[in-house]
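A.B. asks: Output the structure for:
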Amino acid sequence: MPVHPTAIVSPAARIAETAEIGPYSIVGDEVEIGAGTRLMAHVYMEGPLCAGEDNVFFPYSTVGVASQDLKYRGERAETRIGNRNKIREFVTIHRGTEGGGLVTSIGDDNLLMAYVHVAHDVHVGNRVVLANAVTLGGHVTVGDWTMIGASTGVHQFCRVGRHSIIGGYSVVTQDVLPFSNTVSERGIKVFGANHTGLERRGFERGTIEKLQTAFRLLTRAGLNTSQAVARIRAEIPECAEVEELLAFIGGSARGVIK
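C.D. replies: Numbers count the residues shown, from 1 in each chain. A predicted model of the protein is given here:
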């Protein structure tokens with residue numbers, strides 16, 4: 001494998017022959033790097049860490065280091081990263097803790113732009129875009145196909161539902177509904193379904209219209225959440241995505257943003 005002479009690679013690391021370790025990178029014990037993955041330069045990796053295939057880690061990214069959680073006492077925890085991710089400059093990804101299942105995970109085909117922070121025990125799905133300086137607090141879950149705008153902070157233990165989009169500079173302190181377009185503007189609010197994103201991903205027009213009706217009942221009909229859910233069940237024909245939305249609401253421990 002091509003390893004730059006200035007890189008420091010632990011003999012205990014397992015690195016595929018087609019991976020590339022760039023200048024001044026440091027790869028610690030118990031780090032596994034898959035085929036075609038590239039560490040451009042000045043990348044720091046600490047195990048236990050498994051990074052899959054065809055990922056690109058840009059300069060000064062830091063992956064798998066110990067949590068900032070004051071309750072962390074050095075227990076063995078790990079970081080898992082899938083395939084074909086782009087991890088941009090100065091991204092920080094911290095491994096899990098005992099209080100959160102001991103794993104931080106990132107799926108496949110994600111883009112983490114510069115200065116993104118992924119805290120301990122976070123789980124990011126697939127095809128997610130985290131724009132510059134997005135901060136995910138500990139124990140956050142981000143669903144597939146989500147887009148989170150620049151400088152947005154997501155509070156610990158919040159869930160971000162799949163196919164949602166969050167506007168830049170938002171402050172997220174409750175769960176973000178799947179399929180929603182959510183923006184923080186003098187208080188964070190939902191502005192209906194993520195119409196453009198859902199269209200681009202091939203959702204049928206009828207499905208999008210049903211979701212839009214569900215969001216109207218949730219956010220603009222003057223109903224509390226329980227009343228809105230009852231109206232949605234009564235008025236919207238059977239739809240798997242609407243059922244997913246209602247299940248997400250029913251499973252929320254922090255409440256959902258409306």
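A.B. asks: what about V63, neighbour count?
C.D. replies: 27 (other Cβ atoms under 10 Å). Every C-beta, even on glycine, is put in place using the N, C-alpha and C of the backbone.
A.B. asks: That one touches C50, doesn't it?
C.D. replies: No - here V63 lies out of contact with C50, judged by Cβ atoms under 8 Å, at a distance of 10.7 Å.
A.B. asks: Strands along the stretch 101-250 of the chain, start to end?
C.D. replies: Assigned by DSSP state E, counting those that start in this stretch, the strands in the stretch 101-250 of the chain fall at 103-106, 111-112, 117-118, 123-124, 129-130, 135-136, 141-142, 147-148, 153-154, 159-160, 165-166, 171-172, 180-184, 188-193.
A.B. asks: Paired strands for the least confident helix or strand in the chain by mean pLDDT, with orientation please.
C.D. replies: Lowest by mean pLDDT, DSSP states H and E among the helices and strands of the chain is strand 188-193, with a mean of 76. Strand 188-193 has its sheet partners listed here by DSSP bridges as strand 180-184 (antiparallel).
A.B. asks: Now the partner strand: average pLDDT?
C.D. replies: In this model, strand 180-184 has an average pLDDT of 90.
A.B. asks: ok, now stretch 241-258?
C.D. replies: 91.
A.B. asks: In it, which of the residues would be classed as buried?
C.D. replies: 241-242, 244-246, 248-249, 252, 256-258 (16 or more other Cβ atoms under 10 Å).
A.B. asks: could I get those residues as TSV with distance to T79?
C.D. replies: Compiled in TSV, the buried residues of stretch 241-258 are given as follows (distance: Cβ to Cβ, whole Å):
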residue	distance to T79
E241	32
V242	35
E244	28
L245	31
L246	33
F248	26
I249	31
S252	27
V256	29
I257	29
K258	34
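A.B. asks: Inside helices: which ones of these?
C.D. replies: Among the buried residues of stretch 241-258, the ones falling in helices (DSSP state H) are 241-242, 244-246, 248-249.
A.B. asks: D175: which of those residues is nearest?
C.D. replies: D175 has its nearest neighbour among these in F248, at 7.2 Å by Cβ to Cβ.
A.B. asks: Next, work out how far apart that closest one and L211 are.
C.D. replies: 12 Å (Cβ to Cβ, to the nearest Å).
A.B. asks: cool, H94 as well?
C.D. replies: Counting by Cβ to Cβ - H94 and L211 are separated by 34 Å.
A.B. asks: how about G22, what does it touch?
C.D. replies: 4, 7, 38-43 (Cβ atoms under 8 Å, 6 or more residues apart in numbering).
A.B. asks: Tell me who's in contact with I15.
C.D. replies: 1, 9, 21, 27, 31-33.
A.B. asks: Please check the residues you listed and keep the buried ones.
C.D. replies: Buried, going by 16+ other Cβ under 10 Å: 9, 21, 27, 31-33, out of these.
A.B. asks: Reformat these as CSV; add pLDDT, secondary structure and distance to V56.
C.D. replies: Formatted as CSV, those follow (pLDDT from 0 to 100; DSSP: H, G, I helix; E, B strand; the rest coil; distance: Cβ to Cβ, whole Å):
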residue, pLDDT, secondary structure, distance to V56
V9, 97, strand, 18
I21, 98, strand, 13
V27, 98, strand, 15
V31, 98, strand, 16
E32, 98, strand, 17
I33, 98, strand, 12
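A.B. asks: Can you pick out the most distant pair from those?
C.D. replies: Top of the distance list for those (Cβ to Cβ): I21 and E32, 13.1 Å.
A.B. asks: what about the longest helix in the protein?
C.D. replies: Max-length helix for the chain by DSSP H is helix 205-219.
A.B. asks: Hmm, G101 is touching H120, no?
C.D. replies: No - the criterion here is Cβ under 8 Å, and G101 misses it with H120 at 9.9 Å.
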